[in-house]
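# kindly return the folded structure for what I paste below:
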Amino acid sequence: NFVCLAEGLSINGWNSVINIVLNGTFYCSRAAGLQMMKQKRGKILNIVATYAWTGGPGTIHSACAKAGVITMTQTLAVEWARHNIRVNALAPGPIEETGAAKLWAMPGVYEAIKKGIPLRRFGTVEEMANICAFLVSDMADYINGEVIVADGGGWLNKGVFTLEGMDE
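Residues are numbered from 1 along each chain as shown. Predicted coordinates for the structure are as follows:
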């Protein structure tokens with residue numbers, strides 16, 4: 001993925017992200033779902049991002065694609081529940097040691113992002129793996145059509161009132 005303001009985004013750039021994220025998720029889900037229907041059970045876990053709800057500068061292509069994946073997750077969860085197939089999604093926030101981390105390498109960006117997260121830290125790959133393992137486990141068999149947000153409360157900290165300056 002890449003960051004690009006809408007006015008600078010080429011049609012090819014738009015189509016590339018939509019094709020990979022939205023269309024690719026549908027193609028994989030459909031292929032897996034058809035096999036799961038034969039097995040009479042299955043679990044699909046999609047990965048999205050909180051900016052699918054909030055938007056954000058430079059993310060129009062990815063935000064639109066991820067928003068489509070959220071709706072796809074919910075729709076397939078309803079349609080395929082009768083086949084004992086559960087479909088859920090995970091929306092991770094900033095995660096240490098991932099490809100996206102290089103976007104935060106500019107001076108001050110890393111600390112500014114971390115400051116906006118109520119837990120005051122980035123998530124870890126291990127934490128995301130644990131959530132994924134839970135969502136595809138038998139322990140989560142009654143969860144269907146949900147998006148679990150794991151971002152330390154970051155996307156909830158965008159209102160008029162924040163703790164900024166109150167906790168010092």
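# buried ones in the longest helix along the chain?
Counting residues, the longest helix found in the chain (DSSP state H) is helix 60-80. Residues of helix 60-80 classed as buried under the neighbour-count rule (16 or more other CB atoms under 10 Å) are 60-70, 72-74, 76-77, 80. Using the backbone N, CA and C atoms, a C-beta is placed for each residue, glycine as well.
# which SS class is the closest residue to Ala77 other than its chain neighbours?
Nearest non-adjacent residue to Ala77, counting by CB to CB, 6 or more residues apart in numbering: Gly145, 3.1 Å away. With DSSP: H, G, I helix; E, B strand; the rest coil as the basis, Gly145 sits in coil.
# so Gly58 sits in a helix?
No: Gly58: not assigned to a helix; according to three-state DSSP it is coil.
# name the next helix or strand downstream of the longest helix of the chain, please.
Using DSSP states H and E, the next helix or strand after helix 60-80 towards the C-terminus is strand 85-92.
# so which elements touch the longest helix of the chain?
The contact analysis (3 or more CB pairs under 8 Å, 6 or more residues apart in numbering; DSSP states H and E) places helix 60-80 against helix 11-17, helix 24-39, strand 42-47, helix 51-54, strand 85-92.
# and the helix or strand that the last one is followed by, which residues are buried?
On the C-terminal side of strand 85-92, the nearest following helix or strand under DSSP H and E is helix 109-115. Of the residues in helix 109-115, those with enough neighbours to count as buried (16+ other CB under 10 Å) are Lys114.
# and stretch 142-156, by the same measure?
If you call a residue buried by 16+ other CB under 10 Å, then stretch 142-156 has these buried ones: Asn144, Gly145, Glu146, Val147, Ile148, Val149, Ala150, Asp151, Gly152, Gly154, Trp155.
# relative to the whole chain's centre, how far out is the lowest-mean-pLDDT helix or strand in the chain?
Every helix and strand in the chain was compared by mean pLDDT, DSSP states H and E; the lowest is helix 109-115, with a mean of 85. The chain centre lies 20 Å from the centre of helix 109-115; the measure is CA atoms, centre = their mean, to the nearest Å.
# spatially central residue for the chain, please.
Val48 (2.0 Å; CA atoms, centre = their mean).
# separation between that residue and Met37?
Remark: distance between Val48 and Met37 (CB to CB, to the nearest Å) = 24 Å.
# what pLDDT is listed against the closest residue to Leu5 other than its chain neighbours?
Nearest residue to Leu5, sequence neighbours excluded (CB to CB, 6+ apart): Gly58, at 5.6 Å. Reading off the confidence values, Gly58 has pLDDT 92.
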